[in-house]
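Asks: Next comes the sequence, and after it the predicted model I'd like to discuss.
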Amino acid sequence: ELKVEQNPLFLSMQEGKNYTIYCNYSTTSDRLYWYRQDPGKSLESLFVLLSNGAVKQEGRLMASLDTKARLSTLHITAAVHDLSATYFCADGGGADGLTFGKGTHLIIQP
Amino acid sequence: EAQVTQNPRYLITVTGKKLTVTCSQNMNHEYMSWYRQDPGLGLRQIYYSMNVEVTDKGDVPEGYKVSRKEKRNFPLILESPSPNQTSLYFCASSLGAEQYFGPGTRLTVT
């Protein structure tokens, strides 16, 4: 069974702190996506990682991909309240579509 | 503006009453798919289509039908909805690696 496992599933942190969300996947597609979802909203694409060692950064978020370990990370630097959301990783993107993790519900408190 | 649209955005219906959720994209994408999102489960693919008249089952196809008569449209049909199909539904289209999600349709079946 194809699986994408995220951890943690729930994270409460203070502003200014750093933290990492982990995403382990079991397929061999080696194409990894990160999305953000605000309550009641659609998915916003954050990063698409297409090759081993890929690292992408946007503002306080940085994503990386290690295809040998089948692991992707989403690192948050100096968190701010506006980053509170649910974050999903997903792998695939080929003919079979995306397999999503269960999501990480992130709350950033002042 | 490049987008994926869904209608209706909200729907409350009763068990057994056939309904259709429409999905349309204006990007000339060949690949389209439907997902459902349930709390704690992430998104799961229902059906996908690689091109006109080509559709295939995703991970949770039971109780759903789709059709792809035109490239831009990919309606999701529930012939006899049941309460366990109460969910948030997303349509997506893609060309290459990037996936574009619609705004979502929140369906409640009573």
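Replies: In hand now; what should we look at?

Asks: hey, which strand is longest across chain A?
Replies: strand A:85-94 (DSSP state E).

Asks: The helix or strand just after that one: partners in the sheet, and parallel or antiparallel?
Replies: The C-terminal neighbour of strand A:85-94 among helices and strands, as given by DSSP states H and E, is strand A:97-100. Paired neighbours of strand A:97-100 in the sheet (DSSP bridges): strand A:85-94 (antiparallel).

Asks: tell me which residues in the longest strand of chain A are buried?
Replies: A:85, A:86, A:87, A:88, A:89, A:90, A:91, A:92, A:93 (16 or more other C-beta atoms under 10 Å in any protein chain shown). Glycine gets a C-beta too; all of them are placed from N, C-alpha and C.

Asks: tell me the contacts of the fourth one?
Replies: With contacts defined as C-beta atoms under 8 Å, 6 or more residues apart in numbering or on different chains, the neighbours of residue A:88 are A:6, A:34, A:35, A:36, A:37, A:43, A:100, A:101, A:103, A:104, B:42, B:43.

Asks: In chain A, what residue lies closest to chain B?
Replies: residue A:100 (3.9 Å; C-beta to the nearest C-beta).

Asks: Could you report the neighbour count for the closest residue to residue B:3 other than its chain neighbours?
Replies: Leaving aside its chain neighbours, residue B:3 sits nearest to residue B:26 (6.3 Å; criterion: C-beta to C-beta, 6 or more residues apart in numbering or on different chains). Residues contacting residue B:26 under the criterion other C-beta atoms under 10 Å in any protein chain shown number 12.

Asks: Could you tell me the model confidence score at residue B:26?
Replies: pLDDT, residue B:26: 95.

Asks: Ok, residue A:53 next?
Replies: For residue A:53, pLDDT reads 86.

Asks: ditto for residue B:36
Replies: Per the predicted model, pLDDT is 97 at residue B:36.

Asks: quick one: contacts for it?
Replies: Residues counted as contacts of residue B:36 (C-beta under 8 Å, 6+ apart) are B:43, B:44, B:46, B:60, B:85, B:87, B:88, B:89, B:90.

Asks: Now with 10 Å, please.
Replies: B:43-46, B:58-60, B:64, B:76, B:85-90, B:105, B:107 (C-beta atoms under 10 Å, 6 or more residues apart in numbering or on different chains).

Asks: In strands, which of the residues you listed fall?
Replies: B:43, B:44, B:45, B:46, B:76, B:87, B:88, B:89, B:90, B:105, B:107.

Asks: Surely residue A:100 touches residue A:91?
Replies: Yes - in terms of C-beta atoms under 10 Å, residue A:100 counts as a neighbour of residue A:91; the distance is 8.6 Å.

Asks: Near chain B, which residues of chain A are found?
Replies: By the rule C-beta under 10 Å from any C-beta of the partner chain, the part of chain A lying against chain B is A:1-2, A:4, A:6, A:9, A:31, A:33, A:35, A:37, A:40-45, A:48-50, A:86, A:88-90, A:92-103, A:105.
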